[in-house]
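Participant: generate a structure from the sequence data that follows.
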Amino acid sequence: MPETFEIKSALDIPAHLVGQVQSKLAYVDEHIAAASISPDGQRIQLELTGKLESAEQQALEAKVQSVVEEMAKGAVLPKVEILEDHLVRPTTFDQDPMPELLSSGEVSEEHTGIFSFGPLLTRLIEVFERQFLALADEFGAKPHRFPTLISAEKLGRVQYFRAFPHSLTFATHLRPDLDVINGFSQHAAYEAPNGLNTAPESFSRIQALLSPAVCYHLYFALADKPLPDGKLVATAVGNCFRYESSNMTTLERMWNFTMREIIFVGPADFVLENRERARQYLEKAFEHLGLAYRVESANDPFFVGEFRRQAAFQNAFQLKYELRAQLPFKNSTLAVGSYNYHQDFFGRNLDITLPDGKPVHTGCVAFGLERMAFAFLAQFGLDPQRWPTPVREAFNE
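Facilitator: Numbering: from 1, shown residues only. Take a look at the predicted model:
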């Protein structure tokens, strides 16, 4: 039976960090089924998968407090820059769309964080996808197709394992050994809640992972050579995988999701100017579609040990802006896309150079297609007849 466990935070968690700390608590211990933090940042309530002994509770509390201290100690309120604010744009729906999506069969949850979609969601996603393809055409972006798997060696080169270890999804296979393969075929079975009953030593060493982002593949393809023309704009759509533990409860947080990106590679001014052009283009597109949202400065979900330093760096140099769509049913917002500038990080680490020998700068505009559709349904409901006219007409094409 689930148990609750309340902890008095050793430090008051600043309001601007409550959501960030709460999301990280999902990775503290396998016994945590859910976590919440009081608005004043003083109390942490954990829902546990079962009852813990006193010593186990003490160990769990120590880990929780270490996360709080690492993220909140000496934290400074970041300056949030708002580039657009259209949250007051009128919407017609205020209920959580998830229950109806599940009951109607429009969404089917195969496993935690893994969802299939029916015709309505699929066609609505295509409506937004056409907007992003039109944006790509504005830049003459060259189309690319990338694999679902991504190289562990190359992810290591760009320090992904240090920054985002908590969200990784590993790909492996049975060792090419006759005894191992025969043993697996005869005895493997799924045993809830522990998964496949296969010995870890049956699996090969990890050489690949499931890709966490689309743009990395382009940077890896350009690695260790000069950029031929000194400038490049590309676009691609692909499956992305970011494990989010107990945070994966609705379409807001998915293990497997689809992202469309427009990617810029070249000198710094080229990347920054095109990132801004893309934002201005999409501002008009989203006004036409009636979406209520705001664009504001943000940071990536770095892991605990890297969080303060990396988040402060991103904020100081305005490297990331999120498009956060209104979710009326919870009086909150959801990040559905982002405008990103990586400076010369990938150019330096992957040895991608400009004609003058300097490392390239990179940036991308990225949108989660499922999140876009979910946020739209949260604002306008599942009945296409109640949707804004441009979306309804595009949906029926």
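Participant: from now on I want contacts and neighbour counts done on CA atoms only, so please keep to that.
Facilitator: Fine.
Participant: what's the least confident helix or strand in the protein, going by average pLDDT?
Facilitator: helix 304-316 (a mean of 49; mean pLDDT, DSSP states H and E).
Participant: following it, which helix or strand shows up next?
Facilitator: Once the chain leaves helix 304-316, the next helix or strand it forms, by DSSP states H and E, is strand 320-327.
Participant: what's next to that next one, contact-wise?
Facilitator: 87, 94, 291-300, 314, 332-341, 375, 378-379 (CA atoms under 8 Å, 6 or more residues apart in numbering).
Participant: phi, psi for the residue lying closest to R392 once chain neighbours are set aside please.
Facilitator: Nearest non-adjacent residue to R392, counting by CA to CA, 6 or more residues apart in numbering: P384, 5.9 Å away. Here the main-chain torsion angles of P384 (degrees, to the nearest 10) amount to phi -60, psi -20.
Participant: what of F241?
Facilitator: According to degrees, to the nearest 10, F241 has phi -130, psi 120.
Participant: ditto for W255
Facilitator: phi -70, psi -40.
Participant: quick check on the contacts of strand 320-327: which are buried?
Facilitator: 87, 94, 291-300, 314, 333-341, 375, 378-379 (16 or more other CA atoms under 10 Å).
Participant: what about the helices in the stretch 201-350 of the chain?
Facilitator: 215-221, 268-289, 304-316, 345-350 (DSSP state H, counting those that start in this stretch).
Participant: wait, A26 sits on S245?
Facilitator: Yes - applying CA atoms under 8 Å, one finds A26 in contact with S245, separated by 5.9 Å.
Participant: shaky segments in the stretch 201-350 of the chain?
Facilitator: Residues of the stretch 201-350 of the chain that meet the criterion pLDDT under 70 lie in 300-317.
Participant: ok, the most centrally placed residue in the chain - contacts?
Facilitator: What sits nearest the mean C-alpha location of the chain, by CA atoms, centre = their mean, is R242, with 6.4 Å. Taking CA under 8 Å, 6+ apart, we find R242 in contact with 167-169, 212, 254-256.
Participant: and with 6 Å instead?
Facilitator: Counting by CA atoms under 6 Å, 6 or more residues apart in numbering, R242 makes contact with 167, 212, 255.
Participant: can I get these in JSON lines with neighbour count?
Facilitator: Shown next, in JSON lines, are the contacts of R242 (neighbours: other CA atoms under 10 Å):
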{"residue": "S167", "neighbour count": "19"}
{"residue": "P212", "neighbour count": "26"}
{"residue": "W255", "neighbour count": "22"}
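Participant: TSV for those residues, including distance to A10?
Facilitator: Output for these, formatted as TSV (distance: CA to CA, whole Å):
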residue	distance to A10
S167	27
P212	34
W255	32
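Participant: and which of the residues you listed is nearest to E126?
Facilitator: W255 (20.6 Å; CA to CA).
Participant: that closest one and L168, how far apart?
Facilitator: From W255 over to L168 the distance is 10 Å, taken as CA to CA, to the nearest Å.
Participant: go on, A236?
Facilitator: When A236 is compared with L168 (using CA to CA), they lie 21 Å apart.
Participant: and what of F329?
Facilitator: Relative to L168, and taking CA to CA, F329 is found at 31 Å.
Participant: between these two, who's got more neighbours?
Facilitator: Per other CA atoms under 10 Å, whichever of F329 and L168 has more neighbours is L168, with 18 against 14.
Participant: phi, psi for the more buried one please.
Facilitator: phi -70, psi 150.
Participant: quick check, pLDDT for it.
Facilitator: On the pLDDT scale, L168 is placed at 95.
Participant: one more: the one 10 residues further on?
Facilitator: L178 carries a pLDDT value of 95.
Participant: residues contacting the nearest residue to F203 once chain neighbours are set aside?
Facilitator: Nearest residue to F203 in three dimensions, chain neighbours excluded: L174, at 4.5 Å (CA to CA, 6+ apart). By CA under 6 Å, 6+ apart, L174 lies in contact with 202-204.
Participant: mind putting these in CSV, distance to L323 and neighbour count included?
Facilitator: Shown next, in CSV, are the contacts of L174 (distance: CA to CA, whole Å; neighbours: other CA atoms under 10 Å):
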residue, distance to L323, neighbour count
S202, 44, 17
F203, 40, 16
S204, 40, 13
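Participant: show me where the stretch 1-150 of the chain has helices.
Facilitator: Going by DSSP H, counting those that start in this stretch, the stretch 1-150 of the chain shows helices at 18-24, 54-72, 98-103, 119-138.
Participant: need these in a markdown table with mean pLDDT and distance to I44, can you?
Facilitator: Putting the helices of the stretch 1-150 of the chain into a markdown table (pLDDT from 0 to 100; distance: least, CA to CA, whole Å) gives the following:
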| stretch | mean pLDDT | distance to I44 |
| --- | --- | --- |
| helix 18-24 | 87 | 9 |
| helix 54-72 | 89 | 9 |
| helix 98-103 | 97 | 27 |
| helix 119-138 | 97 | 36 |
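Participant: out of those helices, flag the one nearest R392.
Facilitator: Once the helices of the stretch 1-150 of the chain are compared by CA to CA, helix 119-138 is nearest, at 9.2 Å.
Participant: so which bits of that closest one are buried?
Facilitator: Of the residues in helix 119-138, those buried under the neighbour-count criterion (16+ other CA under 10 Å) are 120-129, 131-133, 135-136.
Participant: report the angle between it and helix 268-289.
Facilitator: Between helix 119-138 and helix 268-289, the angle comes out at 140 degrees (axes from the mean of the first three to the mean of the last three CA atoms, to 10 degrees).
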